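Chemist: Curious how this folds, go ahead:
(chains A and B, ligands or ions: 3)
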Amino acid sequence: MSTVSSSHDLEHGHAEPPRGLTRWLITTNHKDIGTLYLLFSLTMFFIGGAMALIIRAELFQPGLQIVDPHFFNQMTTMHALVMIFGAVMPAFVGLANWLIPMMIGAPDMALPRMNNWSFWIMPFAFTLLLSTLFMPGGGPAGGWTLYPPLVLQTGQAFPFVILAIHMMGASSIMGAINIIATILNLRAPGMTLMKMPLFVWTWLITAYLLIAVMPVLAGAVTMLLTDKFFGTSFFNAGGGGDPVMFQHIFWFFGHPEVYIMILPAFGIISMIIPTFARKPLFGYASMVYATASIAFLSFIVWAHHMFTVGMPLAGELFFMYATMLIAVPTGVKVFNWVSTMWRGAMTFETPMLFAIAFVILFTIGGFSGLMLAIAPADFQYHDTYFVVAHFHYVLVPGAVFSIMAAAYYWLPKWTGHMYDEKLGKLHFWLSVIGVNVLFFPQHFLGLAGMPRRIPDYALQFTEFNMISTVGAFLFGFSQLLFAYNVIQTIRGGAKATDQVWEGAHGLEWTLSSPPPYHTFTTAPEVK
Amino acid sequence: MATNRIARAGGMALGGVLLAWGAAARADFALNMTPGVTAISREVYDLHMLIFWICVAIGCVVFGVMFWSIYHHRKSRGAVPAQFHESTVVEIVWTVVPMLILISMAVPATKTLVRMADASEAELTIKVTGYQWRWRYDYLNEGIGFYSTLSTPQAQINAAAAKDEHYLLAVDQPLVVPVGKKIRILTTAADVIHSWWVPALGWKRDAIPGFINESWTLIEQPGVYRGQCAELCGKDHGFMPVVVEALPEAEYRQWLAKMREKNGQKTAQTTSGVKTL
Ligand code: HEM
Ligand SMILES: [Cu+2]
Ligand SMILES: [Cu+2]
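Modeler: Ligands and ions are numbered 1, 2, ... in the order given. Have a look, this model is predicted:
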């Protein structure tokens, strides 16, 4: 296989990429496509972030100051859709594109043309989605969870939103197929499954989750579409349907989806901590098994998002126990990371700082998750800012911090230049302070009784909302430092060595920095 | 150098958090769930605090080990990395111990859940219907019913007037209930999904069009308890509060009589209106 592709390369002699815009449009190179995904993700991160700042600005004090409630609801809905499908997921796919072939010693992704297509669907999907904000009746305003009957009150935007979701789903499924095909077929000789770097393992499992649940989401939104336009009554009680059935279908997708956004992060952290602790990862095998158990459990816990819909007692108990069970493999992961640090020889470059913050703050999100799993207590927590605090802890200092850690960690490899370490550290400290000022008070707000998704609130919630908004602006604007640092590193900077980090192990570090356009055209030997 | 700076910055961050906490306590910001005014709400509160403290304890251990390691096992202090990378015993221990902790949480949670599910032998049944954007309360055995709508003036929302104490948490006509009686509450909705929530009662329940959910409560102390719609239901989701006024039995009876009279007049009026047509 690999010999075939290398002779193919020699025949055409395209060791160098074509120049100009067409290079990016027609590229089938995993490194180019990885770059496209990552830049796309960064753009969406800022667009979604701007929406979040509109939300937080409105919530700075009680009363309606900046936006009207309908627009506020469009912002909460769009912010979530843009961040989940536009920022976090594409960032991980971009990292997978760049890294998986280099980590397993493959010349490229297994299906390079499809790879091009799965990326180029995304800008169109998001142009479509964002354009709905300008349509009569505005964009979707029923929450990212799209619950009927409310979502059926969306104006002309409705079918466009559904189409955009279908396009994102198609892109994700193609990306997932490509990743599975690459990992299962293109590993270098000697790279057995249990020798694969954990980033590759977690992505393999994530890709299966994607293939399993994206079609479920597609089915759910298609049923919404036919309910609205073709007279079906899947979710309409008046016609014999059931609005709660939508929630079951949606969360059957939605809960694995949240793990789709965290498993690759687990992989990244499992690669960075050993490097900077100069010590092998503790419990490699148990990390793999824990990831697989989390993936399995993620299919049988979905109704913990629906404790208040009025399920039978047996259902509530089942979903409560199953959800609590997820804490066990999650705990194993955290313990393994701490044990990897234990008696290492640590240094604290920016990627390590982000990784350490990840472990602490993700764990805090896990704790609130455990609290939410307790059904009777969730009757109080549900749909309050406590839930908002929970999922932002696992998603921002969780998933997003892991992406930033990865960017700092592999940027020198990708570009051949070291980033500005001082600026990186500054970015880290501002982010970690900002994110806690932003989200920690939201626990208090939720416990004190503030519902989520409201544009205005009672007076006793004022102080913590103000603090939270200050944190939001601090966090948001700090990210400009990140963008600046990344752009400067792409343009130039101190020359990076091939090894880059003293403690780094793995095939990608055996390549030059930056790696040639085509790498591992002959497969390396893995001992 | 760098490590010093990190330590200093970390110290500052921690100091900041503690300071904020202290300030919060002084200003008497609402920080925590309230124990509420029913036996169930207190159970829920105790459960919440139990899990919270268990999480704090686990956090102290895990983060304690981690910070110890960050402090002592750093290259700048001349640490030499060990090379161990697995230990079956440790790995079994930290799978089994969390399981046991989880079971100790699951037992009380199950008990509370079972009690909450039992709405039998209620003395009074009230149907709560969610509308965009107000609530309707129907006393099924008493033959009375009314809408309950936000009474905060628009001027306060637009900052044209000073906000009063119960800004956004006041209604024209609260739900009035007797204390000391088990009340069955049936929730449903007329248009989209809403969720009826009074924190002091210890639970919320979704109001779903076409379906009826059953819950119950038994309020022990007279008082006014405020809550809000908890499920996004459109533009004015933030503006449909729930206000429950719990009265001693005798006062509740008086209120009922007054409502019946008013309702009676209304029905008389409408029927006479129909007649003249
Ligand atoms: C220990 C592991 C976890 C447990 C036990 C847990 C439990 C829960 C529960 C019970 C809820 C529903 C709360 C409610 O609506 O009342 C919830 C919501 C949520 N969780 Fe977690 N969670 C865990 C980890 C995670 C992770 C790793 C992520 C993502 C990276 C995540 C993302 C979310 C999101 C996005 C929501 C809210 C969805 C919405 O309603 O919009 N959680 N979690
Ligand atoms: Cu979930
Ligand atoms: Cu509502």
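Chemist: From now on I want contacts and neighbour counts done on CA atoms only, so please keep to that.
Modeler: Will do.
Chemist: Run a quick neighbour tally on the closest residue to A:H79 other than its chain neighbours.
Modeler: Once flanking residues are discounted, A:H79 sits nearest to A:G48: 4.9 Å by CA to CA, 6 or more residues apart in numbering or on different chains. Neighbours of A:G48 under the rule other CA atoms under 10 Å in any protein chain shown: 22.
Chemist: Wait, A:G48 touches A:M83, no?
Modeler: Yes. Under the criterion of CA atoms under 8 Å, A:G48 makes contact with A:M83 at 5.7 Å.
Chemist: what does stretch B:222-231 rub up against?
Modeler: Identification of contacts with stretch B:222-231 by CA atoms under 8 Å, 6 or more residues apart in numbering or on different chains yields A:383-384, A:449, A:451-452, B:169-170, B:179, B:193-200, B:204, B:206, B:237-238, B:240-248.
Chemist: Does the residue nearest to A:H79 belong to a helix, a strand or coil?
Modeler: Recorded secondary structure, A:G48: helix (DSSP: H, G, I helix; E, B strand; the rest coil).
Chemist: gap between it and A:P69?
Modeler: 18 Å (CA to CA, to the nearest Å).
Chemist: Now residue 143: closest residue in space, sequence neighbours ignored.
Modeler: All of this is about chain A. Nearest to A:G143 is A:T77, by CA to CA, 6+ apart, at 4.4 Å.
Chemist: other chain: chain B
Modeler: Nearest non-adjacent residue to B:G143 (CA to CA, 6+ apart): B:R260, at 7.8 Å.
Chemist: swap in A:F45?
Modeler: Nearest to A:F45 is A:A87, by CA to CA, 6+ apart, at 5.1 Å.
Chemist: Who are the contact partners of that neighbour?
Modeler: Applying CA under 8 Å, 6+ apart, the residues near A:A87 are A:40-45.
Chemist: Which member of these is positioned nearest A:V213?
Modeler: Set against A:V213, the nearest of those by CA to CA is A:S41 (21.6 Å).
Chemist: so what's that closest one up against?
Modeler: When contacts are counted by CA under 8 Å, 6+ apart, A:S41 touches A:86-88, A:90-91.
Chemist: do the same with A:I165
Modeler: A:I165 sits next to A:125, A:218 when contact means CA under 8 Å, 6+ apart.
Chemist: quick one: what helix or strand has it in it?
Modeler: A:I165 is part of helix A:157-185 when elements are defined by DSSP states H and E.
Chemist: quick one: that helix to chain centroid distance?
Modeler: The chain centroid and the centroid of helix A:157-185 are separated by 14 Å, computed with CA atoms, centre = their mean, to the nearest Å.
Chemist: Give me the mean pLDDT for it.
Modeler: Averaging pLDDT along helix A:157-185 yields 96.
Chemist: Repeat that for stretch A:315-329.
Modeler: Mean per-residue pLDDT for stretch A:315-329: 96.
Chemist: still on that earlier bit, three-state assignment of the residue nearest to A:F45?
Modeler: Quick answer, by three-state DSSP: A:A87 is helix.
Chemist: same question, B:A160
Modeler: Under three-state DSSP, B:A160 falls in the coil class.
Chemist: re earlier: just the buried ones from the contacts of A:A87?
Modeler: If you count burial by 16 or more other CA atoms under 10 Å in any protein chain shown, the buried members of these come out as A:40-42, A:44-45.
Chemist: So which of these are in helices?
Modeler: Assignment to helices by DSSP state H places the following of the buried ones among the contacts of A:A87 there: A:40-42, A:44-45.
Chemist: ok, now which ones touch the spatially most central residue of chain B?
Modeler: Nearest residue to the geometric centre of chain B (CA atoms, centre = their mean): B:P199, 3.8 Å. Neighbour list for B:P199: A:380, A:449, B:34, B:36, B:226-227 [criterion: CA under 8 Å, 6+ apart].
Chemist: what subset of the residues you listed is also close to ligand 3?
Modeler: Checked against ligand 3 using CA under 5 Å from the ion, those give no members in range.
Chemist: And the furthest pair within those residues?
Modeler: The span of these, defined through CA to CA, is set by A:Q380 and B:R226 at 13.8 Å.
Chemist: where's the residue in the stretch 51-200 of chain A that ligand 3 sits nearest to relative to chain B, distance?
Modeler: Ranked by CA to the ion, the top residue of the stretch 51-200 of chain A for proximity to ligand 3 is A:L150, at 10.2 Å. Separation of A:L150 from chain B (CA to the nearest CA, to the nearest Å): 5 Å.
Chemist: Could you do A:T77 as well?
Modeler: A:T77 is 11 Å from chain B, by CA to the nearest CA.
Chemist: Ramachandran angles for the residue of the stretch 151-300 of chain A found nearest chain B?
Modeler: Nearest residue of the stretch 151-300 of chain A to chain B, counting by CA to the nearest CA: A:F282, 4.2 Å away. In terms of degrees, to the nearest 10, the main-chain angles of A:F282 are phi -80, psi 130.
Chemist: helix, strand or coil for the closest residue in space to B:H72 that isn't next to it in sequence?
Modeler: Taking CA to CA, 6+ apart, and ignoring the residues beside it in sequence, B:H72 has B:A79 as its nearest neighbour in space, at 7.6 Å. When classified by three-state DSSP, B:A79 comes out as coil.
Chemist: show me the residues around B:A79 that make contact.
Modeler: A:343-346, B:72-73.
Chemist: next one: A:S402
Modeler: A:S402 sits next to A:265, A:268-269, A:354-355, A:358 when contact means CA under 8 Å, 6+ apart.
Chemist: any chance of those residues in JSON lines, with distance to ligand 3, secondary structure and neighbour count too?
Modeler: Shown next, in JSON lines, are those (distance: CA to the ion, whole Å; DSSP: H, G, I helix; E, B strand; the rest coil; neighbours: other CA atoms under 10 Å in any protein chain shown):
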{"residue": "A:A265", "distance to ligand 3": "34", "secondary structure": "helix", "neighbour count": "27"}
{"residue": "A:I268", "distance to ligand 3": "39", "secondary structure": "helix", "neighbour count": "26"}
{"residue": "A:I269", "distance to ligand 3": "39", "secondary structure": "helix", "neighbour count": "25"}
{"residue": "A:F354", "distance to ligand 3": "38", "secondary structure": "helix", "neighbour count": "29"}
{"residue": "A:A355", "distance to ligand 3": "39", "secondary structure": "helix", "neighbour count": "30"}
{"residue": "A:F358", "distance to ligand 3": "34", "secondary structure": "helix", "neighbour count": "27"}
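Chemist: Could you chop chain B up by domain?
Modeler: B:44-75+B:93-117, B:124-268 (automatic domain parsing).
Chemist: did I read that right, B:D138 in a strand?
Modeler: Yes. Under three-state DSSP, B:D138 falls within a strand.
Chemist: Okay, B:S69 and ligand 3: tell me how far apart.
Modeler: Distance of B:S69 to ligand 3, given as CA to the ion, to the nearest Å: 48 Å.
Chemist: my guess is that residue meets A:R343, correct?
Modeler: Yes. Here B:S69 reaches A:R343: they are 6.8 Å apart, a contact under CA under 8 Å.
Chemist: any common contacting residues for these two?
Modeler: Joint contacts of B:S69 and A:R343 (CA under 8 Å, 6+ apart) do not exist.
Chemist: in the stretch 1-150 of chain B, which segments are predicted with low confidence?
Modeler: Scanning the stretch 1-150 of chain B for pLDDT under 70 picks out B:1-29.
Chemist: quick one: the strands in it?
Modeler: Assigned by DSSP state E, counting those that start in this stretch, the stretch 1-150 of chain B shows strands spanning B:124-131, B:134-139, B:144-148.
Chemist: wait, does the helix or strand A:I403 falls within make contact with ligand 1?
Modeler: Secondary structure from DSSP H and E places A:I403 in helix A:401-415. No. Helix A:401-415 does not reach ligand 1 (CA under 6 Å from any ligand atom); its nearest approach is 11.1 Å.
Chemist: So which bits of the following helix or strand past that helix are buried?
Modeler: Where DSSP H and E defines the elements, the next helix or strand beyond helix A:401-415 is helix A:421-448. Using 16+ other CA under 10 Å as the test for burial, helix A:421-448 gives A:424-425, A:427-448.
Chemist: for stretch B:216-227, same thing?
Modeler: Buried residues in stretch B:216-227 (16+ other CA under 10 Å): B:216-220, B:222, B:225-227.
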